[in-house]
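In: Build the 3D model from these lines:
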Amino acid sequence: QVQLVESGGGLVQAGGSLRLSCAASGRTFSSYTMAWFRQVPGKEREFVAAIRSGGSRYYTDSVQGRFTISRDNAKNTVYLQMNSLKPEDTAVYYCAAMRRFGDYKLRTNYDYWGQGTQVTVSS
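Out: The predicted structure follows:
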C-alpha cells in the first residue's frame with residue numbers, strides 16, 4: 001500500500017507562484033508514474049502533469065510552459081512548480097501514482113491518490 005501526502009497549496013495572487021509537494025511511502029516509488037490532477041466543484045478531475053519513472057514529462061495544454069513537474073526518488077517526493085498562476089488554475093490538486101505503464105492522462109489508470117491540497121488564485 002502506498003500513501004501520498006500533498007502539501008504546499010494556498011492562496012496566491014494572479015501571476016504568482018506556488019510549489020506543491022507530494023511525499024510517498026513505499027520502496028517502489030521510483031518505478032511509478034507520478035501525476036498531478038485537479039478538480040473544481042461540479043467538474044470531473046482533470047489531468048495536469050505526469051512524470052514517468054524514466055523522467056519523461058507530460059502536461060495538459062493549459063499549463064504547458066507555466067508548470068513543471070519533477071521528482072526526487074531519493075526523497076520519494078514529486079513536485080509541481082506552478083508559475084504565472086491564473087484564476088482558472090484554482091482547484092483542489094491531487095497527487096496520484098500509477099504502478100503499471102499506462103495512459104498517463106486517464107484518471108482510472110492510477111492506483112493511489114492523495115487527499116488533495118487547495119490552490120486558490122485571486123484576480
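In: now residue 18: how far from residue 54?
Out: From residue 18 over to residue 54 the distance is 27 Å, taken as C-beta to C-beta, to the nearest Å. All C-beta spots, glycine's among them, are computed from the backbone N, C-alpha and C.
In: of these two, who's got more company?
Out: The neighbour comparison of residue 18 against residue 54 (other C-beta atoms under 10 Å) goes to residue 18, with 21 against 7.
In: For the closest residue in space to that one that isn't next to it in sequence, list the residues it contacts.
Out: With C-beta to C-beta, 6 or more residues apart in numbering as the criterion, residue 18 has its nearest non-adjacent residue at 5.0 Å, and that residue is residue 82. Going by C-beta atoms under 8 Å, 6 or more residues apart in numbering, residue 82 touches 17-20, 63, 66-67, 89, 119.
In: Can you check these and name whichever has the most neighbours?
Out: residue 20 (24 neighbours).
In: Report the contact partners of that residue.
Out: Contacts for residue 20 (C-beta under 8 Å, 6+ apart) come out as 6-9, 36, 79-80, 82, 93, 95, 117, 119.
In: And the buried ones among the residues you listed, selectable in PyMOL?
Out: Selection of buried members from the contacts of residue 20 for PyMOL, criterion 16 or more other C-beta atoms under 10 Å:
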select buried, resi 6+8+9+36+79+80+82+93+95+117+119
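In: Switch the contacts of residue 20 over to CSV; also include pLDDT.
Out: Formatted as CSV, these follow (pLDDT from 0 to 100):
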residue, pLDDT
6, 97
7, 97
8, 97
9, 96
36, 98
79, 98
80, 98
82, 98
93, 98
95, 98
117, 98
119, 98
